[in-house]
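Asks: build me a model from this:
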Amino acid sequence: MSPTFRALRIRNYRLYALGGVVSNTGTWMQRVAQDWLVLTLHHGSAAEASTALGITTALQFLPILLLSPYAGLVADRMPKRQLLQLTQAWMGTTALVLAVLALTGVVEPWMVFALAFSFGAGAAFDAPARQSFVSEMVGADDLANAVSLNSASFNLGRMVGPALSGFLIALLGSGVRATGVVIALNGLSYLAVISALRLMRAGELSPVERAPRGKRMIREGVRYVRNRQDLMMILFAAFFAGTFGMNFQMTSALMATQVFDKGSGEYGLLGTTLAVGSLTAALLGARRAARPRPHWVILAGLAFGTVEIILGLMPTYLTFALLTPLLGLSLLTMLNAANTTVQLSVDPAMRGRVMALYMMVVMGGTPFGAPIVGWVGATFGARWTLIGGGAMSLLGILLAVALFGASTSPLRWRRGAVVETQSDPALAA
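Replies: Below is the predicted model:
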């Protein structure tokens, strides 16, 4: 088997990856449909549409900020395979409720807001369990490859989902009920992951010993990260990129409709062009045998911020679309390096809590960043959502290096982790 896909030789991971492709495609279909639904409900007012998109995005990610520390503890305390079936069922049910409301024509903006928050609550518990479950399906030697293949699956869905969503919405008349059909398809797509989890062979999994029940377990996870300067640098850089730079679903909607005067089909296509670059980065990461190094997080993050600023200056829809693959390439390279470095360098008993903190800073900042970006779009125009987001990403990444980079020696950077704190013998080899 090609080294790019070597983790797929493991049956349990193969099932997981197949279910992930189906579910990820549905998730990206809903993201486009949900944003289009918000735009449709606020048709005629650019300022209200920008603000509503920001609120929707913020509410969807707010639970990650509020619940991630506790969700990480649950992931360390509960069998992850069982937990993932529950979270996937929760998110699928939430999607189906929104679909029914849209199909019946009774949906109101506040309903979208409430269900976005509910969906985010499920995602808050799903993310750390899903991230740390990978190490239970594959060994340490295949973990970096599996993480990259997860990203490839996610971005294959991102490549297919938005284009398919835009096509279906346009085909069905671009109205509220059209978005309901697409959202319903996503609700059903979660059955693929649930089925994959149920079909796995439990004897071939390598579950980590559950963390013992005790006091201050969440605080223990925070203290563990705080004492790791290499992790602090990665998390600080990821926070700024996630909070201000990773709002592309909203910024592309504003650029497509307000700057380039395009419809749902062209908007959906932008998600696909972004995913071309992201998928390329994921496959390149899967092919590399070497473990990623922390400096890749910084270098790729600087490239991401720079490309985002340039993207905001593009004069036409065509030039904008042609540049988006570079944005996806740089962003995914940064996130893959960050994700894998964090997973490979932490104590296995702490992995759920650390990955929860990682997801909290990457995605949990969106409740703050999305309304700000939406306000910037409403006040200064859609282009400034990208220019400002890229500038803030650059500033935060440079600040991360200034605050924590000096504490991370060149030797540790070459190894990609702080070896002295690595307690997993399999990873220390």
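Asks: distance of the residue nearest in space to the middle of the chain from residue 65?
Replies: Residue closest to the mean C-alpha point of the chain, counted by Cα atoms, centre = their mean, is residue 363 at 6.9 Å. According to Cβ to Cβ, to the nearest Å, residue 363 and residue 65 sit 8 Å apart. (C-beta placed from N, C-alpha, C; glycine too.)
Asks: number of residues surrounding residue 303?
Replies: Neighbour count of residue 303, defined by other Cβ atoms under 10 Å: 18.
Asks: in terms of helices and strands, where is it?
Replies: helix 294-311 (DSSP states H and E).
Asks: and for residue 73?
Replies: For residue 73, the element it lies in under DSSP H and E is helix 46-77.
Asks: now residue 181
Replies: Using DSSP H and E, the element containing residue 181 is helix 176-199.
Asks: mind listing what's buried in that helix?
Replies: For helix 176-199, burial by neighbour count (16 or more other Cβ atoms under 10 Å) applies to 176, 178-187, 189-194, 196-197.
Asks: and the helix or strand following it, how far from the chain's centre?
Replies: Tracing the chain past helix 176-199, the next element assigned as helix or strand by DSSP H and E is helix 217-226. Distance, stretch centre to chain centre, for helix 217-226: 23 Å (Cα atoms, centre = their mean, to the nearest Å).
Asks: so which other helices or strands are in contact with the helix holding residue 181?
Replies: helix 11-41, helix 80-103, helix 140-171 (3 or more Cβ pairs under 8 Å, 6 or more residues apart in numbering; DSSP states H and E).
Asks: tell me what the first one is packed against?
Replies: The reference is to helix 11-41. Against helix 11-41 (3+ Cβ pairs under 8 Å, 6+ apart) you get helix 46-77, helix 80-103, helix 109-137, helix 140-171, helix 176-199, helix 248-254, helix 264-287.
Asks: go through the second one and flag the buried ones.
Replies: It refers to helix 80-103. Of the residues in helix 80-103, 80-81, 83-85, 87-88, 90-92, 94-99, 101-103 count as buried by neighbour count, 16+ other Cβ under 10 Å.
Asks: just the C-alphas of it, formatted as CSV.
Replies: The C-alpha coordinates for helix 80-103 follow below in CSV (Å, rounded to 0.1, in the frame of the first residue of the first chain):
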residue,chain,number,x,y,z
LYS,A,80,-14.6,7.0,23.3
ARG,A,81,-16.3,4.7,20.9
GLN,A,82,-19.5,4.8,22.9
LEU,A,83,-19.2,8.6,23.4
LEU,A,84,-18.8,9.2,19.7
GLN,A,85,-22.0,7.3,18.9
LEU,A,86,-23.9,9.5,21.3
THR,A,87,-22.5,12.8,20.0
GLN,A,88,-23.0,11.8,16.4
ALA,A,89,-26.7,10.9,17.1
TRP,A,90,-27.1,14.3,18.9
MET,A,91,-25.7,16.3,16.0
GLY,A,92,-27.7,14.3,13.4
THR,A,93,-31.0,14.9,15.3
THR,A,94,-30.3,18.6,15.6
ALA,A,95,-29.7,18.8,11.8
LEU,A,96,-33.0,17.0,11.1
VAL,A,97,-34.9,19.3,13.4
LEU,A,98,-33.6,22.4,11.5
ALA,A,99,-34.4,20.6,8.2
VAL,A,100,-38.0,20.0,9.2
LEU,A,101,-38.4,23.7,10.2
ALA,A,102,-37.0,24.8,6.9
LEU,A,103,-39.0,22.4,4.8
